[in-house]
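Visitor: with the sequence up front, the predicted model follows.
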Amino acid sequence: MSTATRWVLASGNAGKLAEMRALLAPLAIDLVAQSDFDVPEAEETGIGFVDNALIKARHAAAHTGLPAIADDSGLAVDALDGAPGVHSARYAGTHGDDAANNRLLLERLANVVDAERGAAFHCCLAATRGARDPAPFIAHGIWRGSILRAPRGDGGFGYDPLFWVAEERASAGELAPARKNAISHRGRAMQRLIEQLRADG
Ligand SMILES: O=c1nc[nH]c2c1ncn2[C@H]1C[C@H](O)[C@@H](COP(=O)(O)OP(=O)(O)OP(=O)(O)O)O1
Ligand SMILES: [Mg+2]
């Protein structure tokens, strides 16, 4: 009999799920996708990434009866005062339309010079042992880069083809998946979450 704990990964985003699965591989936990339980989409009504991650984790735990890990993430662009931020997934109006979101971002930055195109990906992870866990684990990671004038690479998901990582001389869409996970906002947040789970889990 397996002694591994089952956790539900509370995300409907296939790109995120693949990254989270790879990042959680070192832990002896049995991960199931929330789609296996027909969990309906949670309403992301929070003001910040932390609120939304917690809403999604509690929602999935309530529907499955399992402990849950959720990710709320997004792109905060300096020249746009942190937009699209928590609205990243629906920036252009349709939830999850990456191509439209990327086009709108390029449009909004059309007149912004190279030196002012800085941006940061944020990732907040929430792990809750149950829907009413009074002390869930929270971890945050930030990845700084800048916004290109045209997409590069077809790896990753979301805004990756527009996110230039100077140290790598590559866009996030050009990085190998393992390299992205080693340095990304999600990778950093997951390292921090795993430390907490190991210490208290
Ligand atoms: O590594 C990344 N590389 C590129 N883009 C990224 C990344 N990480 C987040 N993003 C973008 C995608 C989406 O536009 C938004 C997340 O929105 P967010 O609500 O957290 O996720 P979602 O609605 O796609 O799936 P779900 O809420 O079911 O987890 O930020
Ligand atoms: Mg979402």
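Guide: On my side now, so go ahead. Ligands and ions are numbered 1, 2, ... in the order given.
Visitor: all contacts plus neighbour counts: C-alpha atoms, from now on.
Guide: Fine.
Visitor: okay, now residue 57: neighbour count?
Guide: Residue 57 has 29 neighbours, counted by other CA atoms under 10 Å.
Visitor: buried set for the one helix or strand residue 17 maps to?
Guide: Using DSSP states H and E, residue 17 sits in helix 14-24. Residues of helix 14-24 classed as buried by neighbour count (16 or more other CA atoms under 10 Å): 16-17, 19-20, 23-24.
Visitor: can you narrow these to ones near ligand 1?
Guide: Residues of those in contact with ligand 1 (CA under 6 Å from any ligand atom): none.
Visitor: a markdown table for the residues you listed, including distance to residue 9 and pLDDT?
Guide: Converted to a markdown table, these look like this (distance: CA to CA, whole Å; pLDDT from 0 to 100):
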| residue | distance to residue 9 | pLDDT |
| --- | --- | --- |
| 16 | 10 | 96 |
| 17 | 7 | 95 |
| 19 | 11 | 97 |
| 20 | 8 | 96 |
| 23 | 12 | 97 |
| 24 | 10 | 95 |
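Visitor: so which of those residues comes closest to residue 6?
Guide: Within those, the smallest distance to residue 6 is 12.3 Å, found for residue 24 (CA to CA).
Visitor: for the residue nearest the centre of the chain, what are its contacts?
Guide: In the chain, the centroid-proximal residue (CA atoms, centre = their mean) is residue 73; its distance is 3.9 Å. Neighbouring residues of residue 73 by CA atoms under 8 Å, 6 or more residues apart in numbering: 49, 85-86, 121-124.
Visitor: for ChimeraX, write the selection for the buried entries among those.
Guide: Buried subset of these, written as a ChimeraX selection, criterion 16+ other CA under 10 Å:
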select :49,85,86,121,122,123,124
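Visitor: follow-up on the earlier one: of the buried residues of helix 14-24, closest to ligand 1?
Guide: Among the buried residues of helix 14-24, residue 16 lies closest to ligand 1 (CA to the nearest ligand atom), at 7.0 Å.
Visitor: any idea how far that closest one lies from residue 26?
Guide: 17 Å (CA to CA, to the nearest Å).
Visitor: residue 172 now?
Guide: Distance from residue 172 to residue 26, by CA to CA: 23 Å.
Visitor: again with residue 110
Guide: Remark: distance between residue 110 and residue 26 (CA to CA) = 42 Å.
Visitor: what parts of the protein come near ligand 1?
Guide: 11-13, 71-75, 88-89, 96, 157-160.
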